[in-house]
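Peer 1: Sequence and predicted structure, then a few things I'm wondering about:
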Amino acid sequence: MKIGIFDSGIGGITVLHQALLALPQARFLYYADADHVPYGEKTREEIVRYADEAVGFLARRGAVAVVVACNTATSAAIGFLRGKYRFPILGMEPAVKPAVQTCGDKRVMVVATPVTVRQDKLRNLLKRVDRTHTVDLLALPGLVPLAERGEFDSPRVRQYLERTFAPYDLSRYSVLVLGCTHFNYFKDTFARIFPSGVAQVDGCEGTVNNLVRVLRQTGLSGPGEPGAEYYISGRAVTDAPTLEKIARLHRRLGEMLRY
């Protein structure tokens, strides 16, 4: 069984990391569209075209299901992709509903890319679940380029986040929703900036649980050659330096699980 996971860059490895744990017998095909990252500042038409190219590539490689492990691509392209392809295509959604349910008498901060913040998909989600208007949306366009450079914990990262959050009284929040898979690499820095006790939630676990459920319901689950293979905009990753970089990303994600 081969499962495709697609993102604009390294963010979707956060989903892959959990999927490898949940489906240890599956073979994963990871597609990072590094030629076009970041998606957060592209037009909807561009994102749809890039997503179509990625999913088509994964289909030709034998994927029986694809996870669009990118909130931005999900917002812009999931409808088109589901209309074109006949196998299950799962998307990402910011974990706003569980955040609102657990925030108590405090507020929820949702951080995402500019496209995700602008798209109707997130706005419609808020209309359904944020009846008391406790959610604030904030775009963090600067984090994706930093993540792609492997700069996760540095003075520049902290200064950027402190400057962006400066207009907000962070003591009013109890939950921080990470609405971009790239943001999971920065959980330690978020934890230092926000007051102690603020929970960080993301959509990775829910997406992987949904993937497991869909595979079982559709009869697609089954044994395969376990592990993952990686592609950068359709080019197979085989060189040792890039594979070591990917291994470092998985190690960091393991460390971020405690936040």
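Peer 2: Yep, it's here.
Peer 1: For the rest of this, base every contact and every neighbour count on C-alpha atoms.
Peer 2: Fine.
Peer 1: Could you give the separation between the terminal residues of stretch 88-102?
Peer 2: 30 Å (C-alpha to C-alpha, to the nearest Å).
Peer 1: Let me see the mean pLDDT of that stretch.
Peer 2: For stretch 88-102, the mean per-residue pLDDT is 93.
Peer 1: what comes up buried for that stretch?
Peer 2: Counting neighbours by 16 or more other C-alpha atoms under 10 Å, one finds that the buried residues in stretch 88-102 are Pro88, Ile89, Leu90, Gly91, Met92, Glu93, Pro94, Ala95, Val96, Ala99, Val100.
Peer 1: again with stretch 181-197
Peer 2: Neighbour counts using 16+ other C-alpha under 10 Å place Thr181, His182, Phe183, Asn184, Tyr185, Phe186, Lys187, Asp188, Thr189, Phe190, Ala191, Phe194 of stretch 181-197 among the buried residues.
Peer 1: Mark which of those residues are part of helices, please.
Peer 2: When DSSP state H defines the helices, the subset of the buried residues of stretch 181-197 inside them is Lys187, Asp188, Thr189, Phe190, Ala191.
Peer 1: circling back to that earlier point, nearest to Thr134 among the buried residues of stretch 181-197?
Peer 2: For those, the residue nearest Thr134 by C-alpha to C-alpha is Phe194; the value is 17.2 Å.
Peer 1: what are the ranges of the helices in the stretch 101-250 of the chain?
Peer 2: Defined through DSSP state H, counting those that start in this stretch, the helices belonging to the stretch 101-250 of the chain, from first to last, are 114-118, 120-129, 143-148, 155-165, 187-193, 204-217, 240-256.
Peer 1: Where does pLDDT dip in the stretch 101-250 of the chain?
Peer 2: For the stretch 101-250 of the chain, applying pLDDT under 70 flags the ranges 221-224.
Peer 1: What's the separation between Phe87 and Val66?
Peer 2: Counting by C-alpha to C-alpha, the gap from Phe87 to Val66 is 8 Å.
Peer 1: Neighbour count: the two, which is higher?
Peer 2: Between Phe87 and Val66, counted using other C-alpha atoms under 10 Å, the more crowded position is Val66 (24 against 15).
Peer 1: can you pull out the strands in the protein?
Peer 2: Taking DSSP state E, the strands of the chain run over residues 2-7, 27-32, 65-68, 89-90, 107-112, 135-139, 173-178, 199-202, 227-232, 235-236.
Peer 1: looking at those, which is buried most?
Peer 2: strand 2-7 (a mean of 28; mean count of other C-alpha atoms under 10 Å).
Peer 1: Save the helices of the stretch 101-250 of the chain as a markdown table, and put in distance to Val15 too.
Peer 2: Rendered in a markdown table, the data for those read as follows (distance: least, C-alpha to C-alpha, whole Å):
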| stretch | distance to Val15 |
| --- | --- |
| helix 114-118 | 18 |
| helix 120-129 | 20 |
| helix 143-148 | 15 |
| helix 155-165 | 22 |
| helix 187-193 | 15 |
| helix 204-217 | 5 |
| helix 240-256 | 10 |
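Peer 1: just these: most buried one?
Peer 2: Per-stretch averages of neighbours, counted by mean count of other C-alpha under 10 Å, single out helix 114-118 among the helices of the stretch 101-250 of the chain, with a mean of 21.
Peer 1: now what about that helix, what contacts it?
Peer 2: Counting contacts by C-alpha atoms under 8 Å, 6 or more residues apart in numbering, the residues outside helix 114-118 that touch it are 39-42, 71-72, 75, 122-123, 137-141, 179.
Peer 1: which one of these sits closest to Tyr160?
Peer 2: Nearest to Tyr160 out of these is Leu140 (C-alpha to C-alpha; 9.2 Å).
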